[in-house]
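>>> Any chance you can model this:
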Amino acid sequence: MNGREQNAAPGNRIALSFDPNTPFFPSQSDLENTLRAGINLIEFSDPTYFSTRSIDDFFILVSTSDRYVTMDQFETEMADYLESTLSKYRAFDNIYSDKLAGLKLFHFPDDFSPSFKNLSENYIDLLSEEVNLPLYYQSSKLMIEPGEISPYRFVSTYYTESDEITSMQNRVIYFEPGTDDFSTLKRLEELLKQSVEFNDSIIIIPSDWFYERLRVQPDLQLVFKNYTQGNLIPFPYPKIESQIPDINVAVLILLIIWVLFICLYKYRSNFPDSLYRYFLNHSFFASDTMENRNRNFSDAFTILLLHVLIVALFFYTFSSQIFSHNGLEALSHNFPLLLISGNELLSFFVLGLIASIFSHVISIFWIYLFNKSMNRIGQAIQLYAWGLSLNLIIVTLLVTLSFWNANTIWIYSLSALFLIVWIMSFNTASIDGARSLERNRILNILLTFGLHTVLIIGLILLLFMNPETYEPLKLAFQLR
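Numbers count the residues shown, from 1 in each chain. Model prediction:
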């Protein structure tokens, strides 16, 4: 029986997906245990991956390296995708010609877009001139409507340990294990029970998790063996052990910021007065600053340094709440110069540090250089910095809501408010400075407040009008 016939044969099967980016690599004994568990279907992307192992008894789902593809990339780079896919297919066909059971074209593409179906039809027409394997892709969707499958032979949907399984509607599913072994096994058992309602189904499981569980719970081999033979037996479950909760990095950083802020408030005598005057008697505060009666700018500079940490914490918290794990991976894949794969949240934190330092330096010099009545750069710092202290309250609320898994509408609302405070701190400072000018006030406001507003609007338009930035961001937001 060749791979194509095997793939068409009915049955409830389990496939193992091998990721070359993980440090795990199976031994020959691992592969033999896989066969004893009734699993003879494997998915991998590098034709040389098993060059030191014998996989003669396995059938192969070939996986391309085309991940997180946007529609702009699909349309403009279709020829490149075609060439790389055919090259990979030929390499696999040269080594495993009678073992190929399917070809996965994409991993988590933007199948939310209406143009995905039309572009796929054109792409598959070109591929089909040489490739006669069943073609499929890995979706991030929980469910796929029957009309969405064509022109692919099948689509692999995506289930996680936290997804509720009420009714399995797709025959091919990738199961993503969670960190809790008990919950993961319970969800997998429910998934296997649902899948036997189909005469033909494939449950794809990450290989590293499979082998780790098999070493800890050898009885699972018998469970999987019976499942592939059409029988269901109860899962063996590990003992539920109490776990020490992980340290919440966002909460820890927030506590450090608050400790620093309270120390400033308590031990810097001018700090409370400046804070109150900025918000409760603002015109007096601005006059004092511009007339050099308030010469202590060190507290304002300290607020700027704290705001650098606050912005970094904002970037970290926002990205952790808005983007899923797959969404973060999509961003690091499409923006490799900005985000480090596997360390996306840390990358966002560092981006926040860099963005805030750059923004603060530009803003202060922008206010100072365009205002001839300022004779010290500390005046610009004083006018600009104190308003930013409001963002400490906002980021505190943001971290608190994220800790309680609040609705994303609150995350978006607080994030918008955070950015408004940041922008208005500059605009307020520029207007305060302009009031001290005897001449060219309007010109100064146009060159600071006006130009700054135009720049912000331009950046927003550039973000949403440039498909190279907008489409990867949109895909990352949509991925589960």
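>>> what sits against residue 257?
306, 309, 310, 313, 392 (CB atoms under 8 Å, 6 or more residues apart in numbering). All C-beta spots, glycine's among them, are computed from the backbone N, C-alpha and C.
>>> That one is in what secondary structure piece?
Element membership for residue 257, per DSSP states H and E: helix 249-267.
>>> Likewise for residue 205?
Using DSSP H and E, the element containing residue 205 is strand 200-206.
>>> coming back round to it: could you list the buried residues of the helix holding residue 257?
250, 253, 254, 257, 261, 264 (16 or more other CB atoms under 10 Å).
>>> pLDDT on it, on average?
If you average the pLDDT over helix 249-267, you get 95.
>>> and that helix, how far from the chain's centre?
The chain centre lies 28 Å from the centre of helix 249-267; the measure is CA atoms, centre = their mean, to the nearest Å.
>>> ok, now stretch 382-401?
Worked out by CA atoms, centre = their mean, stretch 382-401 lies 25 Å from the chain centre.
>>> And the average pLDDT for that stretch is what?
Here the average pLDDT along stretch 382-401 is 96.
>>> Could you do stretch 411-425 as well?
pLDDT averaged over stretch 411-425 gives 96.
>>> now the end-to-end length of stretch 149-156.
Using CA to CA, to the nearest Å, one end of stretch 149-156 lies 10 Å from the other.
>>> which of the residues in that stretch are buried?
So stretch 149-156, judged by 16+ other CB under 10 Å, has buried residues 149, 152, 153, 154, 155, 156.
>>> Looking at the residues you listed, which are in strands?
Members of the buried residues of stretch 149-156 lying in strands (criterion: DSSP state E): 154, 155, 156.
>>> Would you mind pulling the contact partners of stretch 36-48?
13-18, 20, 34, 50, 55, 57-65, 88, 91-92, 94-96, 101, 104, 202, 204, 207, 214, 220-221, 224-229.
>>> Return the distance of it from the chain's centre.
28 Å.
>>> which parts of it are buried?
Quick answer for stretch 36-48 (16+ other CB under 10 Å): 37, 38, 39, 40, 41, 42, 43, 44, 45, 47.
>>> ok so, going back, can you redo the ones in strands among the buried residues of stretch 149-156 as a markdown table with pLDDT and distance to residue 289?
Shown next, in a markdown table, are those (pLDDT from 0 to 100; distance: CB to CB, whole Å):
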| residue | pLDDT | distance to residue 289 |
| --- | --- | --- |
| 154 | 94 | 68 |
| 155 | 96 | 62 |
| 156 | 96 | 62 |
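>>> and which of the residues you listed is nearest to residue 381?
Taking CB to CB as the measure, residue 381 lies nearest residue 156 of these, at 55.3 Å.
>>> okay but that closest one is in contact with residue 138, surely?
Yes. In this structure residue 156 lies within contact range of residue 138 using CB atoms under 8 Å: 4.8 Å.
>>> if we can go back for a sec, nearest to residue 134, of the buried residues of stretch 149-156?
residue 153 (3.8 Å).
>>> so that closest one makes contact with residue 135?
Yes. Using CB under 8 Å, residue 153 is in contact with residue 135, at 5.7 Å.
>>> what do those two both touch?
With CB under 8 Å, 6+ apart as the test, residue 153 and residue 135 both reach residue 102.
>>> list the buried ones in stretch 403-421?
Applying 16+ other CB under 10 Å to stretch 403-421 flags 411, 414, 415, 417, 418, 421 as buried.
>>> Helix, strand, or coil at the closest residue to the third one other than its chain neighbours?
Counting by CB to CB, 6 or more residues apart in numbering, residue 318 is the residue found nearest to residue 415 once chain neighbours are left out, at 5.4 Å. The three-state label given to residue 318 by DSSP: H, G, I helix; E, B strand; the rest coil is helix.
>>> show me the contacts for residue 318.
348, 398, 411, 415.
>>> Can you flag which of the residues you listed belong to helices?
Judged by DSSP state H, these include 348, 398, 411, 415 as members of helices.
>>> Out of those, which comes closest to residue 296?
Closest to residue 296, out of all of the ones in helices among the contacts of residue 318 and judged by CB to CB, is residue 398, at 30.8 Å.
>>> Against residue 144, how distant is the closest one?
Counting by CB to CB, to the nearest Å, the gap from residue 398 to residue 144 is 34 Å.
>>> So for those two, which residue has more residues nearby?
For residue 398 and residue 144, the more surrounded residue by other CB atoms under 10 Å is residue 398, and the numbers stand at 26 against 19.
>>> So the more buried one sits against residue 412, correct?
No. Residue 398 is beyond contact range of residue 412, at 10.4 Å (criterion: CB under 8 Å).
>>> what residue is smack in the middle of the chain?
residue 328 (1.6 Å; CA atoms, centre = their mean).
>>> which stretch of helix or strand covers that residue?
Assigned by DSSP H and E, residue 328 falls in helix 325-334.
>>> same thing with residue 409?
Counting by DSSP H and E, residue 409 is part of helix 408-435.
>>> From the contact counts, what lies against that helix?
Under the contact criterion of 3 or more CB pairs under 8 Å, 6 or more residues apart in numbering; DSSP states H and E, helix 408-435 touches helix 282-290, helix 298-322, helix 344-369, helix 377-385, helix 390-403, helix 441-445, helix 451-465.
>>> after the helix or strand of the chain with the lowest mean pLDDT, next one along is what?
Sorting the helices and strands of the chain by mean pLDDT, DSSP states H and E puts helix 3-8 at the bottom, at a mean of 45. Per DSSP H and E, the first helix or strand lying C-terminal to helix 3-8 is strand 11-17.
>>> State the mean pLDDT of the next helix-or-strand element following that next one.
Note on strand 11-17: by DSSP H and E, the next helix or strand toward the C-terminus is helix 28-36. For helix 28-36, the mean pLDDT works out to 95.
>>> Restricting to C-alpha, output helix 28-36 in CSV.
This file holds the C-alpha atoms of helix 28-36, laid out as CSV (Å, rounded to 0.1, in the frame of the first residue of the first chain):
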residue,chain,number,x,y,z
GLN,A,28,15.1,4.6,17.4
SER,A,29,13.6,3.1,20.5
ASP,A,30,11.2,6.0,20.7
LEU,A,31,10.1,5.4,17.1
GLU,A,32,9.6,1.7,17.8
ASN,A,33,7.4,2.6,20.8
THR,A,34,5.4,4.9,18.5
LEU,A,35,4.6,2.0,16.2
ARG,A,36,3.7,-0.2,19.2
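>>> Check which residues of it are buried.
Buried-residue list, helix 28-36, by 16+ other CB under 10 Å: 30, 31, 33, 34.
>>> Check stretch 468-480 too.
471, 472, 473, 474, 475, 476, 478, 479, 480.
>>> try stretch 117-136
119, 120, 123, 124, 127, 131, 133, 134, 135, 136.
>>> now the end-to-end length of that stretch.
13 Å.
>>> Next: stretch 197-209.
Termini of stretch 197-209 sit 25 Å apart (CA to CA).
>>> what's in contact with that stretch?
10-19, 22, 24, 26, 41-43, 156, 168, 171-177, 184, 188, 191-192, 195.
>>> go on, stretch 80-89?
Contacts for stretch 80-89 (CB under 8 Å, 6+ apart): 45, 47, 62, 64-66, 69, 74, 103, 105, 123, 126-127, 130-131, 133.
>>> if you average pLDDT over it, what comes out?
97.
>>> start at 150 instead
Sure, I'll start counting at 150 from here, so that last one is stretch 229-238.
>>> Restricting to C-alpha, output it in PDB.
Listed next in PDB are the C-alpha coordinates belonging to stretch 229-238 (Å, rounded to 0.1, in the frame of the first residue of the first chain):
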ATOM      1  CA  ASP A 229       8.500  32.100  -4.400                       C
ATOM      2  CA  TYR A 230       6.100  29.900  -2.300                       C
ATOM      3  CA  LEU A 231       5.500  27.700  -5.300                       C
ATOM      4  CA  GLU A 232       9.200  27.200  -6.000                       C
ATOM      5  CA  SER A 233      10.100  26.400  -2.300                       C
ATOM      6  CA  THR A 234       7.100  24.100  -1.900                       C
ATOM      7  CA  LEU A 235       7.900  22.100  -5.100                       C
ATOM      8  CA  SER A 236      11.600  22.000  -4.100                       C
ATOM      9  CA  LYS A 237      10.700  20.500  -0.700                       C
ATOM     10  CA  TYR A 238       8.200  18.100  -2.300                       C
END
